[in-house]
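J.: need a 3D model of the following:
(one chain, ligands or ions: 1)
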Amino acid sequence: MSVKIELMKTIPTIESTSSWLRAIRQINALFRPLEFTEKRSQKYGDFYQIVFKDAPPTLITSNPQAIEDIFTASPDKFVVGKGNQGLSFLVGDNSLLLLDGKKHKSRRRLLMPPFHGESLQKCNQRIVDITNQVCSRLEINQSFNVRSLMQEITMGVILSVIFGINSENRCGCEPSSRNRLQELLTNLLETFNNPLNSSLIFFPILQKDWGKFSPWGNFLRLKQEIKNLIYSEIDKRRDLIASGEFEGKDILTLLLLAKDEKGEKMTNEELHDELITLLFAGHETTASALAWVFYWVHYLPEIQEKLRFELNIWREGLGNCNINQLTYLNAVISETLRIYPIAAGAFPRIMTKSMSVMGYDFDPNTWVIISIYALHHREDLYPDSKKFDPQRFLERTYSNYEYIPFGGGNRRCIGSALALIEMKLVTATILANFELKLVKHRPMTPVRRGLTVAPPAAFKMIVKNRS
Ligand code: HEM
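T.: Residues are numbered from 1 along each chain as shown. Here you go, the predicted structure:
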């Protein structure tokens with residue numbers, strides 16, 4: 001006990017009894033998430049706690065040793081679902097994001113294979129085809145919204161992974177339903193397209209249905225229509241499987257065939273929640289990351305030159321290798337996810353038992369927030385951290401506790417391999433076919449977009465040439 005008191009004294013602590021101060025901090029974190037994180041770590045370091053009246057204590061860290069302790073701890077030492085409860089309005093109560101324990105483990109085991117290995121390889125051509133199809137409407141000398149373009153591509157990819165859409169359309173997801181779903185999902189996510197609207201997520205008091213023209217009312221109506229469409233796709237697919245007409249390996253089929261340890265299949269509600277989670281988590285994040293890649297590559301001509309050089313050799317077959325072996329492309333993607341990680345923090349972990357992190361003891365019910373942004377800007381790991389410099393990834397390797405754009409431990413992003421291959425193939429395909437330039441060649445500041453931090457919604461580029 002005495003050891004604990006002694007050590008607790010040495011952890012920098014933010015204390016407050018004022019709920020006003022708490023609200024001001026929340027608003028700051030909402031509107032200026034990166035500056036807020038940065039200022040805090042400059043002031044309190046890489047391992048500090050927040051003790052507020054009427055709220056559980058919270059440990060905030062960007063220390064690699066602490067991150068290792070957390071990611072490698074037994075999963076039963078934390079729950080995550082409770083910390084993600086605020087997302088249930090979007091993904092439902094049965095989403096992977098809200099599960100813990102055995103159920104979380106078995107659902108992850110079920111969902112992982114389609115995002116890895118052979119199944120993922122089969123997606124490669126589809127990613128290239130979708131990119132070409134979406135970009136076919138780009139015209140010389142015309143500007144386009146980078147985020148919308150990338151979002152259309154990544155949405156097409158995730159829909160195809162989930163519903164297994166193929167050219168013969170034997171999957172039971174009609175093009176009209178698919179197009180409507182795509183339109184509704186895009187509109188729904190636009191609800192949170194800027195910091196002000198994102199406050200709907202963080203302040204439940206604002207979640208009021210004042211008719212279809214109010215932001216929340218519109219959100220609820222869109223959500224209901226999406227739900228009806230997904231339920232109808234589930235029913236159609238179930239019938240097709242039962243009649244032996246469908247044998248796909250897509251996620252919907254996989255989930256429809258899965259049984260739990262009691263031999264029970266998933267209910268429509270459970271299926272819906274899981275599908276909607278993957279639809280959201282699987283395209284918004286990757287679209288933002290791709291928008292950043294195009295910004296950096298065109299903002300810094302020397303980076304583009306090196307990248308084009310490597311891609312040209314690859315296309316001519318001189319290197320004779322797979323795209324994953326392109327070291328410069330890989331470094332550009334890694335640096336993009338380092339400098340402005342799409343998720344500024346990992347999911348909050350809530351301790352279920354007393355536990356020690358970096359030798360300090362914490363009580364059950366302590367919340368743990370890992371700041372990915374602060375970790376990725378540690379000067380001891382990433383000198384001159386504000387500089388976009390892919391070279392750093394060519395000169396050293398980073399451990400799973402020093403570089404974590406996809407989080408880690410038992411909650412590590414299940415779509416990381418898909419996101420990375422998408423980023424590489426989309427970048428290579430667009431650069432091979434187009435010469436682009438930024439409409440405004442100036443530094444771009446990240447903004448809050450729902451739960452993520454993304455390039456501004458108005459980010460535009462111009463097509464200079466088709467090659
Ligand atoms: C660049 C793109 C992406 C980034 C930066 C990203 C980042 C993250 C992060 C930081 C987490 C939390 C991990 C933790 O707390 O330890 C996460 C979880 C998750 N991601 Fe991603 N993600 C991306 C793409 C995707 C894609 C393509 C999918 C599609 C399947 C996906 C599905 C998920 C799911 C389902 C979880 C929850 C895992 C769990 O709770 O066990 N993500 N992601």
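
J.: around the ligand, pick out the residues from the protein.
T.: 96-97, 108, 115, 277-278, 281-282, 285-286, 289, 342-343, 346-347, 405-409, 411-415, 418-419 (Cβ under 6 Å from any ligand atom). Bear in mind the C-beta positions are built from the backbone N, C-alpha and C, glycine included.

J.: tell me which entries of the residues you listed lie within helices.
T.: Arg108, Thr277, Leu278, Ala281, Thr285, Thr286, Ala289, Leu418, Ala419 (DSSP state H).

J.: could I have the buried ones of the residues you listed as PyMOL selection syntax?
T.: Here is the PyMOL command that selects the buried residues among these (16 or more other Cβ atoms under 10 Å):
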select buried, resi 277+278+281+285+286+289+418+419
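
J.: of all the ones in helices among the residues of the chain next to the ligand, which two lie farthest apart?
T.: Greatest spacing in these, by Cβ to Cβ: Arg108 and Ala289 (22.2 Å).

J.: so which of the ones in helices among the residues of the chain next to the ligand is the closest to Ser198?
T.: Closest to Ser198, out of all of those and judged by Cβ to Cβ, is Thr285, at 14.9 Å.

J.: per-residue confidence for that closest one?
T.: For Thr285, the model assigns a pLDDT of 95.

J.: thought Thr452 was touching it, still the case?
T.: Yes. Thr285 is within contact range of Thr452, at 6.2 Å (criterion: Cβ atoms under 8 Å).

J.: which neighbours do these two share?
T.: With contacts taken as Cβ atoms under 8 Å, 6 or more residues apart in numbering, Thr285 and Thr452 have Ile342, Ala343 as neighbours in common.

J.: for Thr352, see how far away the residue nearest the centre of the chain is.
T.: The centre of the chain sits closest to Thr285, judged by Cα atoms, centre = their mean, with a distance of 3.9 Å. Applying Cβ to Cβ, to the nearest Å, the value for Thr285 to Thr352 is 28 Å.

J.: got it, and Lys424?
T.: Distance from Lys424 to Thr352, by Cβ to Cβ: 39 Å.

J.: go on, Gly211?
T.: 42 Å.

J.: of those two, give the one with the bigger neighbour count.
T.: It is Thr352, of Gly211 and Thr352, that has more neighbours when counted by other Cβ atoms under 10 Å, with 16 against 9.

J.: pLDDT at the more buried one, what is it?
T.: Here the pLDDT value assigned to Thr352 is 97.

J.: before we move on, what about Leu120?
T.: 87.

J.: next: the one 4 residues further on.
T.: In the prediction, the pLDDT value recorded for Asn124 is 91.

J.: pretty sure it contacts Ile421?
T.: Yes. Applying Cβ under 8 Å, one finds Asn124 in contact with Ile421, separated by 6.7 Å.

J.: out of the two, which sits in the more crowded spot?
T.: Higher neighbour count among Asn124 and Ile421: Ile421, with 20 against 15, using other Cβ under 10 Å.

J.: picking that back up, so who does the residue lying closest to the residue nearest to the centre of the chain once chain neighbours are set aside touch?
T.: Of all residues not flanking Thr285 in the chain, Ile342 sits nearest, at 4.8 Å (Cβ to Cβ, 6 or more residues apart in numbering). The contact partners of Ile342, taken as Cβ under 8 Å, 6+ apart, are Thr285, Ser288, Ala289, Pro405, Thr452, Val453, Ala454.

J.: now render these as JSON lines, adding distance to Glu335.
T.: JSON lines is the format used below for the contacts of Ile342 (distance: Cβ to Cβ, whole Å):
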{"residue": "Thr285", "distance to Glu335": "17"}
{"residue": "Ser288", "distance to Glu335": "15"}
{"residue": "Ala289", "distance to Glu335": "11"}
{"residue": "Pro405", "distance to Glu335": "10"}
{"residue": "Thr452", "distance to Glu335": "18"}
{"residue": "Val453", "distance to Glu335": "16"}
{"residue": "Ala454", "distance to Glu335": "17"}
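
J.: the residue lying closest to Leu420 once chain neighbours are set aside: what secondary structure?
T.: Leaving aside its sequence neighbours, Leu420 sits nearest to Ile333 (Cβ to Cβ, 6+ apart; 6.5 Å). What DSSP: H, G, I helix; E, B strand; the rest coil gives for Ile333 is helix.

J.: is it true that Ile333 touches Phe294?
T.: No. Ile333 is beyond contact range of Phe294, at 11.8 Å (criterion: Cβ under 8 Å).
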